[in-house]
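> curious how this folds, go ahead:
(one chain, ligands or ions: 1)
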Amino acid sequence: MKIVRAKDYYDMSRKAANIISAQIIMKPDCVLGLATGSTPIGTYEQLVEWYKKGDLDFSSVTTINLDEYRGVTKEDPHSYYYFMREKLFSQVNIDLSRTYIPDGMDDDAQHACRFYEEIISRCGGIDLQLLGLGHNGHIGFNEPGTAFEARTHLVNLTEATRKANQRFFADDENVPRQAYTMGIKSIMQAKKIVVVVSGKDKAEALCAAVQGEITPNVQASVLQLHNDVTIVADQEACSLLEV
Ligand code: F6R
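Numbering: from 1, shown residues only. Model prediction:
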């Protein structure tokens, strides 16, 4: 595991965007696994800026997102589909037919999950997976206690995660209770993994993930077993790490 220490959120975003750019430059038809949430927003902004300057070309890139709320339509501003379109897809020259996000409106969970796994394997697997880190150590929506063997599955979101995501919704009741997420097994098959972490409130989770025991209670701790993980974290997030 490599830990890249960044000064602040802006520096973290630029460093992560640099790693993703290198991937796109080295393999223009690469498959990127993408995350939503607050942390990667600055990374996407930086990628868009470099695209606009003519330094990046997304025309052959494929993207596969980690997760989507269940029961939320693509047009709903709370959907991860909407988020990705707004923050990245509509601002670069990506071919939308090569962007994949679990179908939150597919009621048949078995079908939705199997279909998503088929997409990942049809694309030839993920070259670089970008992840954020939840306060409880989750990655994707893989909540504490989930078997590391899980592939794409339906999750009942914990109250802690619903609370953390409440900031995006008008009130608590509107926060979805379920989501489709890629499982740890699907994530661990990515060739390279980049995790962005920012803020003091993530320091404990980061410490448990990189220096704690490998346990399903801290889903991100499984990343210690992957052979190409880079964690890009700002000073506050690193504050509890041993030097
Ligand atoms: C998002 C995702 C989640 C977030 C995590 C951190 O697609 O899968 O695991 O990465 O909840 O969220 P933020 O960045 O909002 O703190």
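> list the buried ones in the helix-or-strand element of the chain with minimal mean pLDDT?
Evaluated with mean pLDDT, DSSP states H and E, the helix-and-strand set of the chain has its lowest mean pLDDT in helix 159-165, which scores a mean of 89. Buried residues in helix 159-165, counting neighbours by 16 or more other Cβ atoms under 10 Å, are found at Thr161, Ala164, Asn165. C-beta coordinates here come from the backbone N, C-alpha and C atoms, glycine included.
> same question for stretch 70-86.
Applying a neighbour-count criterion of 16+ other Cβ under 10 Å, one finds Arg70, Val72, His78, Ser79, Tyr80, Tyr81, Tyr82, Phe83, Met84, Arg85 buried in stretch 70-86.
> what of stretch 37-49?
Applying a neighbour-count criterion of 16+ other Cβ under 10 Å, the buried positions in stretch 37-49 are Gly37, Thr39, Pro40, Ile41, Gly42, Thr43, Tyr44, Glu45, Gln46, Leu47, Val48.
> hang on, the earlier thing: out of the buried residues of helix 159-165, the closest to Ile120 would be?
Each of the buried residues of helix 159-165 was scored against Ile120 by Cβ to Cβ, and Thr161 proved nearest at 23.1 Å.
> in contact with the closest one, which residues?
With contacts defined as Cβ atoms under 8 Å, 6 or more residues apart in numbering, Thr161 is in contact with Gly134, Asn136, His138, Phe141, Glu143.
> and for Gly124?
Taking Cβ under 8 Å, 6+ apart as the contact definition, Gly124 lies against Val31.
> can I take it that it is in a strand?
No - according to DSSP: H, G, I helix; E, B strand; the rest coil, the state of Gly124 is coil, so it is not within a strand.
> tell me which parts of this structure are close to the ligand?
Of all the residues in the chain, those in contact range of the ligand (Cβ under 6 Å from any ligand atom) are 35-39, 66-67, 132-134, 138-141.
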